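**Student:** Below are the sequence and a predicted model; questions follow.
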Amino acid sequence: MEALPRETIVDVLESRLREDILAGRHPGGSYLPPERQLADGYGVTRTTLKHAFGRLVQAGLLETRHGVGTRVRDYIRLGGADLLPMLVRHDAKWVHEIFEVRRSVGALIAERAAVRATRAQHAELRALLDAVGEAGGPDEVQMADVEVHRALARATGNRVYVLLTNTLFNAYLPVRAELRGPFTDPEAAHRRLAPVVEAVTDGDGRRAHAAADTYLRDTEQIMLEGLA
């Protein structure tokens, strides 16, 4: 068994600062108090504070200018999708917005894949679909399902769709355990996903779009019930 990692004082401070920023206690665009004042307020050394600042700068929540101070970044206006996993951990309501994008992008990916997929990609999709039905437990079914969607994105021939698919899956990874509802029964998971793969391998873009939309809406409803 692997030993659980121990939280350091920097870990704890980073988490506190991150929550204070995301909760709006330090609004976007505002400067944080002077380092000495902030360190005293949190009961840490300035060295610890600087380490925590460095992590939050890397995460895209802070920006530091020498001689000016440390400002909270307006992450909604300037941030990227790489912030989503952190935002989901802070507030699970972000999942609803992620799912809205998942529906529209996922249906479009299926439509494009139907038009552009090669025979080799058709064979890969069928094999990955079979793996969904043959998977053991919910975690295995869920990850097998993810691989089908990654393959659909690759089949579009557009690498941006691949990166978007990865981003969306990474975004709700922090709450993945609560979203296993559609994957508890391998046969049912296979049955829900099969029309999407069949339409893509038949080369029918319109049917693939409709099948993917139905699949994504149905699984979203089940997952959100589990999250609630």
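**Tutor:** Yep, it's here. Numbers count the residues shown, from 1 in each chain.
**Student:** dump the residue contacts of the residue nearest the centre of the chain.
**Tutor:** Among the residues of the chain, residue 171 comes closest to the average C-alpha position under CA atoms, centre = their mean, at 1.2 Å. Applying CB atoms under 8 Å, 6 or more residues apart in numbering, we find residue 171 in contact with 81, 84, 85, 88, 94, 98. Quick note: C-beta positions are derived from backbone N, CA and C, even for glycine.
**Student:** Isn't the fourth one up against residue 170?
**Tutor:** By that I understand residue 88. No: applying CB atoms under 8 Å as the test, residue 88 and residue 170 come out as separate, 9.6 Å apart.
**Student:** Of the two, give the one with the bigger neighbour count.
**Tutor:** residue 88 (20 against 14; other CB atoms under 10 Å).
**Student:** The more buried one and residue 225, how far apart?
**Tutor:** Look at residue 88 and residue 225: by CB to CB, to the nearest Å, they are 18 Å apart.
**Student:** Show me where the protein dips below the pLDDT cut-off.
**Tutor:** Filtered on pLDDT under 70, the chain yields the residue ranges 1-6, 228.
**Student:** give the contact list for residue 70.
**Tutor:** Counted by CB under 8 Å, 6+ apart, residue 70 has contacts 31, 32, 35, 53, 62, 63, 64.
**Student:** now the residue nearest to the centre of the chain, nearest residue through space, not along the chain?
**Tutor:** Distances taken as CB to CB, 6 or more residues apart in numbering place residue 84 nearest to residue 171, at 3.6 Å, with adjacent residues excluded.
**Student:** Look up how far residue 60 lies from the one you found.
**Tutor:** From residue 84 over to residue 60 the distance is 11 Å, taken as CB to CB.
**Student:** still on that earlier bit, which of the contacts of residue 70 fall within helices?
**Tutor:** For these, membership in helices holds for 35, 53, with DSSP state H as the criterion.
**Student:** Residue 70 - that's part of a strand, no?
**Tutor:** Yes: looking at residue 70 with DSSP: H, G, I helix; E, B strand; the rest coil, it is inside a strand.
**Student:** For it, name its beta-bridge partners.
**Tutor:** Using DSSP bridges, the beta-bridge partners of residue 70 come out as residue 64.
**Student:** What segments of the chain are strands?
**Tutor:** If DSSP state E is used as the criterion, the strands of the chain fall at 62-65, 69-72.
**Student:** Show me which of residue 84 and residue 60 is the more surrounded one.
**Tutor:** The residue with more neighbours, out of residue 84 and residue 60, is residue 84; 22 against 15, by other CB under 10 Å.
**Student:** Which residues are in contact with that one?
**Tutor:** Residue 84 makes contacts with 94, 98, 167, 170, 171, as judged by CB under 8 Å, 6+ apart.
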